[in-house]
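Student: Predicted model, plus sequence, below.
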Amino acid sequence: YGGSFRLIYLADPLLAPDSFSFKKFFQLCGLTSKSPKEVKDVFQILDDDNSGYIEESELKFFLQRFVPGARTLTDAECKGFLSAADDDNDGKIGVEEFLIMVQS
Ligand SMILES: [Ca+2]
Ligand SMILES: [Ca+2]
């Protein structure tokens, strides 16, 4: 994934602090049109501790998983991301929630 994500990151001035749009990011990197299996692969990259969920602490490093050296997400961005994806309100993102979010 690395190369294309890097290009998107560098090309997009909207990725300044507090301007991160996960919807736009998913679209730009083509994730919205990927198969469920490919989306699950991305989920596993983001689930750094293999807990089966993306926690807020892992969201912080969302961009860095794709682009080494990218900035961390701010607390406000993490919370916005989480509240958009967390349908069952358990405070973390499961793989099904991630799939729905990416493909919605
Ligand atoms: Ca995790
Ligand atoms: Ca959840």
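Tutor: That came in fine, so what should we check first? Ligands and ions are numbered 1, 2, ... in the order given.
Student: I'd like the next helix or strand past the helix or strand bottoming out on mean pLDDT in the chain.
Tutor: Taking mean pLDDT, DSSP states H and E as the measure, the helices and strands of the chain show their lowest mean at helix 2-11, namely a mean of 55. Next helix or strand after helix 2-11 toward the C-terminus (DSSP states H and E): helix 22-28.
Student: Just list what that following helix packs against, helices and strands only.
Tutor: Under the contact criterion of 3 or more C-beta pairs under 8 Å, 6 or more residues apart in numbering; DSSP states H and E, helix 22-28 touches helix 95-103. Where C-beta positions appear, they are placed from N, C-alpha and C, glycine not excepted.
Student: list the buried ones in the helix it packs on?
Tutor: For helix 95-103, the neighbour count (16 or more other C-beta atoms under 10 Å) marks Val95, Glu97, Phe98, Met101, Val102 as buried.
Student: ok, now which ones touch the first one?
Tutor: Right, the one you point to is Val95. Lys40, Phe43, Gly52 (C-beta atoms under 8 Å, 6 or more residues apart in numbering).
Student: what do you get if the cut-off is 7 Å, keeping everything else the same?
Tutor: Lys40, Phe43 (C-beta atoms under 7 Å, 6 or more residues apart in numbering).
Student: State the pLDDT value of it.
Tutor: pLDDT, Val95: 97.
Student: got it, and Pro36?
Tutor: 94.
Student: For the residue nearest to it when sequence neighbours are not counted, give its distance to ligand 2.
Tutor: Spatially, and ignoring its direct neighbours in sequence, Pro36 is nearest to Leu99 (5.9 Å; C-beta to C-beta, 6 or more residues apart in numbering). Distance, Leu99 to ligand 2, by C-beta to the ion, to the nearest Å: 12 Å.
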